[in-house]
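Asker: sequence plus the predicted model coming up.
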Amino acid sequence: MKLATLITIALLMAELDASASEIVASAPVADSVGDEAGARVVLLHGLGRSDRAMRRLERRFEEEGLASEALGYHSRSKSLDEIVDEFDRALSACCGDAETLHFVTHSLGGIVLRAWIAREAPARLGRIVMLSPPNHGSELVDRLGPASRLLGPTGRALGTGPDSAPSRLNELGPVTFELGVIAGDRSFNPLGSWILDGPDDGTVSVESAKLLGMRDFLVLPAPHSFMMYDREVARQAIHFVRHGRFDHAGEAQE
């Protein structure tokens, strides 16, 4: 195995295991929601992580009076369909009584959620914030080749080819739910940034995070693995859940 491939794997796994042209829908949205009785904010982690990765963000939502629940799933040992099954069961167990479900996802969590929505077409779907989602895949997975098996069956399906999980979901057309996407442009993975095209967070490029039909889009100086711990990311995610848009005025002041 080439040295460059080994280094790419090491850096990508470090990103995954760390502990700590845009088209926007123009349809009008309602203003303040999210605090209504019966609403729940569900948080989904990324590849190689667990629900613990989203606990700090969960607490920030709770501090703002938004009932929240971080859910876990087996990201490396199961196929995407199996993960969706697991997520559906966990969601029914924790939030079956919720009248409205808002979601905040990190990385692979956004792909899992999109696959679940495509299959279930939930009527009680609220607003969704995706943090650095590989909506068009990641060139890092392409570069790994056969070594991508180390990422597990779903991880190695996150490339940019026509048969990748993101590409198959994109064939369904623009999203119709209220979606806000936050991408990062700060990287702790120099080799990953060298492989990716344009601004990136070390694992996912800013362009790959974008999605047809999204209501709003924001780029913040946050690296991929630590995005969910960033205070401004949390503030903006809460703002979108409540108002259906990011606080661009506040971002400019920052």
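Answerer: Here it is on my side, so go on.

Asker: and the strands in the protein?
Answerer: 39-44, 68-71, 100-106, 125-131, 178-184, 216-220 (DSSP state E).

Asker: same for the third one, what does it pack against?
Answerer: The one in question is strand 100-106. In terms of contacts (3 or more Cβ pairs under 8 Å, 6 or more residues apart in numbering; DSSP states H and E), strand 100-106 is packed against strand 39-44, helix 108-120, strand 125-131, helix 231-243. From N, CA and C alone the C-beta is placed, and that goes for glycine too.

Asker: quick check: angle from it to strand 178-184?
Answerer: 20 degrees (axes from the mean of the first three to the mean of the last three Cα atoms, to 10 degrees).

Asker: partners of strand 100-106 in the sheet?
Answerer: strand 39-44 (parallel), strand 125-131 (parallel) (DSSP bridges).

Asker: now these as CSV including mean neighbour count and mean pLDDT?
Answerer: Converted to CSV, the strands paired with strand 100-106 look like this (neighbours: other Cβ atoms under 10 Å; pLDDT from 0 to 100):
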stretch, mean neighbour count, mean pLDDT
strand 39-44, 25, 97
strand 125-131, 26, 98
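
Asker: can you redo those as CSV with distance to Leu113?
Answerer: Shown next, in CSV, are the strands paired with strand 100-106 (distance: least, Cβ to Cβ, whole Å):
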stretch, distance to Leu113
strand 39-44, 6
strand 125-131, 7
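
Asker: closest to Glu178 out of these?
Answerer: strand 125-131 (4.5 Å; Cβ to Cβ).

Asker: the closest one to helix 231-243, inter-axis angle?
Answerer: 160 degrees.

Asker: distance between strand 125-131 and the chain's centre?
Answerer: 9 Å (Cα atoms, centre = their mean, to the nearest Å).

Asker: likewise stretch 79-90?
Answerer: 16 Å.

Asker: next one: stretch 154-162
Answerer: On Cα atoms, centre = their mean, the centre of stretch 154-162 falls 15 Å from that of its chain.

Asker: helices of the chain, start to end?
Answerer: Here the chain has its helices, by DSSP state H, at 3-17, 55-63, 80-95, 108-120, 139-144, 152-155, 165-170, 190-195, 206-209, 231-243, 248-253.

Asker: quick check: the residue nearest to His248 when sequence neighbours are not counted vs Leu140, distance?
Answerer: Among residues not flanking His248 along the chain, Leu218 sits closest, at 7.5 Å (Cβ to Cβ, 6 or more residues apart in numbering). Counting by Cβ to Cβ, to the nearest Å, the gap from Leu218 to Leu140 is 23 Å.

Asker: looking at the two, which is more packed in?
Answerer: More crowded of Leu218 and Leu140, by other Cβ atoms under 10 Å: Leu140, with 29 against 21.

Asker: how about Gly184: what's its closest non-neighbour residue?
Answerer: With Cβ to Cβ, 6+ apart as the criterion, Gly184 has its nearest non-adjacent residue at 3.3 Å, and that residue is Asp201.
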